[in-house]
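K.L.:
how would this look folded up:
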Amino acid sequence: MGSAWAPFRHRIFAVIWTATVVSNIGTWMYNVACGWLMTSLSPDPLIVALVQVANTLPIFLFAIPAGALADNVDRRRFLLSGESAITAVAAVFALLVSLHLMTPGRLLLFSFLGAVGSAITAPAWQAVVSQLVPPADLGAAVALNSVGVNVSRAIGPALGGAIIGVLGIAAPFWFDATSNIAVLAALIWWRPPKKPGGVRLNPEPFTTAVRTGIRYARYNPHLRSTVIRAVAFFLFASAYWALLPLVARGQMTGVPQRFGAALYGILLGVIGASAVAGALLLPRLRRKMGANDLLVGATVATAIATGLFALAHDLFTALVASLVAGASWIAAVSNLNVSAQVALPEWVRGRGLAMYVTIMFGALAAGSALWGEVAVLSDVRTSLFAAAAGALIAIPLTARWRVQTGAKVDFSPSMHWPAPITLHAIEDDRGPVLVMVEYQIDPKNRDAFLRALESYARERYRDGAYEWGVFEDPAVAGRFVEKFQTDSWLEHLHQHQRVTKADRLKEDVVRHYQVGDGPKTTHLIGVQTRDES
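P.N.:
Predicted coordinates:
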C-alpha cells in the first residue's frame with residue numbers, strides 16, 4: 001500500500017493533485033447540470049447524447065496540436081494560460097444559465113468551448129506528471145490521478161444533483177467557474193525543476209512538431225498497441241455515460257420524476273465511489289492478474305454493467321450497475337493511461353499522450369453519437385445491450401495487442417551519436433538532409449546483417465527519417481550503404497538527441513557485423529538552385 005501512495009511524499013504533486021480534485025468536483029457538477037439541463041430543454045435522445053459528444057469531440061480535434069505545443073513551450077505557463085481561459089468561459093456559461101438565456105444550441109456551443117480549453121491543456125497535464133515525481137513513482141502517480149478523477153466523480157455528481165434541487169440549475173455552473181481558481185493558484189506557486197544541461201537546440205517549428213508526433217506514434221509499437229486497446233474499450237464503454245441521463249429520467253419507473261436529477265447525480269456518485277474503492281485494489285490485482293488480463297476483466301465487467309443499466313427499472317439494479325461500472329472503469333482507464341505513459345520518452349511525451357487522448361476521446365465521442373442514434377432508431381435499452389455485446393466481441397479481436405509493453409524499455413537518451421562535423425554554421429531550416437552510413441561486413445553475414453538493419457529502420461522512421469533504404473555495392477563484397485533523409489538540419493540534430501538507450505542496443509546488433517573501423521557516416525544538405533530560364 002505504501003508504494004501506491006508514494007507520490008504524496010512529493011509536496012508539489014500533493015498540492016496540484018488536491019487542487020485538481022477540487023476543480024474536477026466542479027467539473028462533474030457541471031457535467032451533471034449540463035446533462036440534466038439538456039433533458040429539460042430537449043428530450044430527444046440524440047440531442048442529449050450530443051452533450052457527451054460536445055464534451056469529448058474537442059480532444060479528438062485539438063489534442064495533437066496541443067501536444068506539439070506542450071513539448072515545445074514552458075508547460076507551466078501554457079497551463080496557466082489555458083486554465084485562465086477555461087475559467088472565463090465557465091463564468092460566461094454560468095451567467096447565461098442564471099439569466100435563463102440557455103438553449104439547446106447554446107448549451108452545446110458552450111460545452112464545446114469549455115471542452116476545447118480542456119483539450120488544449122490535457123496533453124500538458126498528462127506530460128507534466130513526470131516533472132512532479134521521480135520515475136520510480138510515475139506509475140503510482142498516474143494511478144493516483146485516476147483516483148483523483150474518481151474521488152471528484154464520487155462527490156461532484158451527487159453534490160451537483162442536490163444543489164440543483166436546493167439552489168437551482170445555475171448553481172453547479174457557478175461552482176465550476178470558481179473551483180478552477182484552486183488550480184490556477186497551485187500553478188502560480190509551482191516552480192518546475194530545471195532541465196538537465198547539455199546542448200539546447202531551437203524548438204521544432206509547429207507543423208514539424210505535429211508531424212513528428214504523429215510519425216512517432218505510428219512507429220512506436222508500444223503506444224500503437226495501447227491505442228488499439230483503448231479504442232476497443234472506450235467505443236463501447238461510452239454507451240452508459242451518454243445514455244445514463246435518460247436511464248435516470250425515463251427508465252426508472254419506481255422513482256418519482258421530480259427526483260430524477262438527484263438520482264442521476266447519485267448514480268454518477270456511486271460510479272465514482274466504486275472507482276475509488278477499485279483503485280485501492282488495483283496494485284494487488286495487477287500483481288496477481290497482470291496488466292492484460294486485468295484489462296480483459298475490466299472490459300467484461302463493463303459489458304455486464306452496461307447490460308444491467310439496460311435492465312434497470314428499479315433503484316437496486318441501477319446501483320449495482322453503477323458499482324460494477326465504477327470499479328471496471330478505473331481498472332481499464334488506469335491500465336491504459338499507465339501503458340501510454342511508459343511507452344514514451346520525455347522529448348515526445350506531450351505529443352504521444354496527445355495521440356492517446358485523441359483516440360480515447362474520439363472513441364468516446366463516436367461511441368456517444370453512435371449509441372445515441374441507435375437509441376433514437378430503437379430505444380435506450382436496445383442501444384445499451386448492443387454496446388455490451390460489442391465490448392465482449394472486441395476482446396478476442398484485439399487480444400494480440402498487449403498493454404504496458406514499454407514498461408521495461410529504457411527510453412532515456414543515449415547521447416552517443418557524435419555531433420556532425422561541418423566547415424561552418426548551418427541554418428536550422430537548411431534541407432533536406434541526406435544521411436548515408438557505410439558498412440563493411442563479412443559477406444557470409446549478409447542476411448543476418450540486413451535483417452538487423454531492417455529492424456533498426458523503424459527507429460530511424462520514428463525519430464524523423466524518411467526515404468529510408470539500403471544499397472549493396474556490386475563491386476565490393478560486403479559493402480552496404482544505408483541512406484535516409486530528414487526535413488531539415490535542425491530535424492537531424494534533434495534526431496541525434498532522440499536516440500534512446502534501448503535504440504542503442506538495436507544499433508549495437510547492426511554494428512556487430514561491421515569489420516574493421518566503425519561505420520562511416522556522411523551528411524549532405526540539399527542546395528536550392530535558381531532556374532535562370
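K.L.:
in stretch 165-177, what counts as buried?
P.N.:
Counting neighbours by 16 or more other C-beta atoms under 10 Å, one finds that the buried residues in stretch 165-177 are Ile169, Ala170, Ala171, Pro172, Phe173, Trp174, Phe175, Asp176, Ala177. C-beta here means a position set from N, CA and C on the backbone, and glycine is covered the same way.
K.L.:
Surely the first one and Thr39 touch.
P.N.:
No. Taking contacts as C-beta atoms under 8 Å, Ile169 lies outside contact range of Thr39: 11.2 Å.
K.L.:
can you name the two of the buried residues of stretch 165-177 that are farthest apart?
P.N.:
Ile169 and Ala177 (14.4 Å; C-beta to C-beta).
K.L.:
Asn202: neighbouring residues, count only.
P.N.:
For Asn202, the count of nearby residues is 11 (other C-beta atoms under 10 Å).
K.L.:
err, His424, not the other one
P.N.:
Close neighbours of His424, defined as other C-beta under 10 Å, add up to 4.
K.L.:
Let me know whether my guess that Glu482 is in a helix holds.
P.N.:
No. If the criterion is DSSP: H, G, I helix; E, B strand; the rest coil, then Glu482 is strand and not within a helix.
K.L.:
Arg76 versus that one, what's the distance?
P.N.:
When C-beta to C-beta, to the nearest Å is the yardstick, Glu482 and Arg76 sit 41 Å from each other.
K.L.:
which one of those two has more residues nearby?
P.N.:
Between Glu482 and Arg76, Glu482 has the larger neighbour count (other C-beta under 10 Å), namely 20 against 16.
K.L.:
For the residue nearest to the more buried one when sequence neighbours are not counted, list the residues it contacts.
P.N.:
With C-beta to C-beta, 6 or more residues apart in numbering as the measure, Val437 is the residue that lies nearest to Glu482, at 4.5 Å, once sequence neighbours are left out. Contacts were defined as C-beta atoms under 8 Å, 6 or more residues apart in numbering; by that measure Val437 touches Val481, Glu482, Lys483, Pro519, Lys520, Thr521, Thr522.
K.L.:
And those, which is closest to Val142?
P.N.:
Glu482 (37.6 Å).
K.L.:
Which pLDDT value belongs to the closest one?
P.N.:
The predicted local confidence for Glu482 comes out at a pLDDT of 93.
K.L.:
just the helices in the stretch 151-300 of the chain please.
P.N.:
Secondary structure of the stretch 151-300 of the chain (DSSP state H, counting those that start in this stretch): helices located at 171-179, 181-189, 206-219, 221-246, 260-289, 291-311.
K.L.:
Show me the one of the ones you listed that comes nearest Val48.
P.N.:
Nearest to Val48 among these is helix 221-246; the distance by C-beta to C-beta comes to 5.8 Å.
K.L.:
Point out the other helices and strands that the closest one packs with.
P.N.:
Of the remaining helices and strands, those touching helix 221-246 by 3 or more C-beta pairs under 8 Å, 6 or more residues apart in numbering; DSSP states H and E are helix 11-41, helix 45-70, helix 206-219, helix 260-289, helix 291-311, helix 315-341, helix 349-377, helix 380-397.
K.L.:
and that helix, what's its mean pLDDT?
P.N.:
Helix 221-246 comes out at a mean pLDDT of 91.
K.L.:
Next, the buried residues of that helix.
P.N.:
Counting neighbours by 16+ other C-beta under 10 Å, helix 221-246 gives 222-223, 225-246 as buried.
K.L.:
So what angle separates the directions of it and helix 206-219?
P.N.:
With axes from the mean of the first three to the mean of the last three C-alpha atoms, to 10 degrees as the criterion, the two stretches helix 221-246 and helix 206-219 enclose an angle of 100 degrees.
K.L.:
so where's the stretch 101-250 of the chain shaky on pLDDT?
P.N.:
Applying pLDDT under 70 to the stretch 101-250 of the chain flags residues 153-154, 194-201.
K.L.:
show me what contacts the residue nearest the centre of the chain?
P.N.:
Relative to the mean C-alpha position of the chain, the nearest C-alpha, by C-alpha atoms, centre = their mean, is the one of Val357, at 2.7 Å. If a contact means C-beta under 8 Å, 6+ apart, then Val357 has Ile59, Ala63, Ala122, Pro123, Gln126 as its contacts.
K.L.:
Recalculate using a threshold of 6 Å.
P.N.:
Counting by C-beta atoms under 6 Å, 6 or more residues apart in numbering, Val357 touches Ile59, Ala63, Ala122.
K.L.:
any idea which of those has the most stuff around it?
P.N.:
Most crowded among these, counting by other C-beta under 10 Å, is Ala63 at 30 neighbours.
K.L.:
ok, it to Asn145 distance?
P.N.:
Relative to Asn145, Ala63 is positioned 17 Å away (C-beta to C-beta).
K.L.:
next one: Val116
P.N.:
21 Å.
K.L.:
ok, now Ala127?
P.N.:
Counting by C-beta to C-beta, the gap between Ala127 and Asn145 amounts to 12 Å.
K.L.:
The residue nearest to Ala185 when sequence neighbours are not counted: neighbouring residues, count only.
P.N.:
Of all residues not flanking Ala185 in the chain, Ala19 sits nearest, at 6.9 Å (C-beta to C-beta, 6+ apart). Taking other C-beta under 10 Å as the criterion, the count of residues near Ala19 is 22.
K.L.:
Could you measure from Ala19 over to Asn55?
P.N.:
To Asn55, Ala19 is 21 Å away according to C-beta to C-beta.
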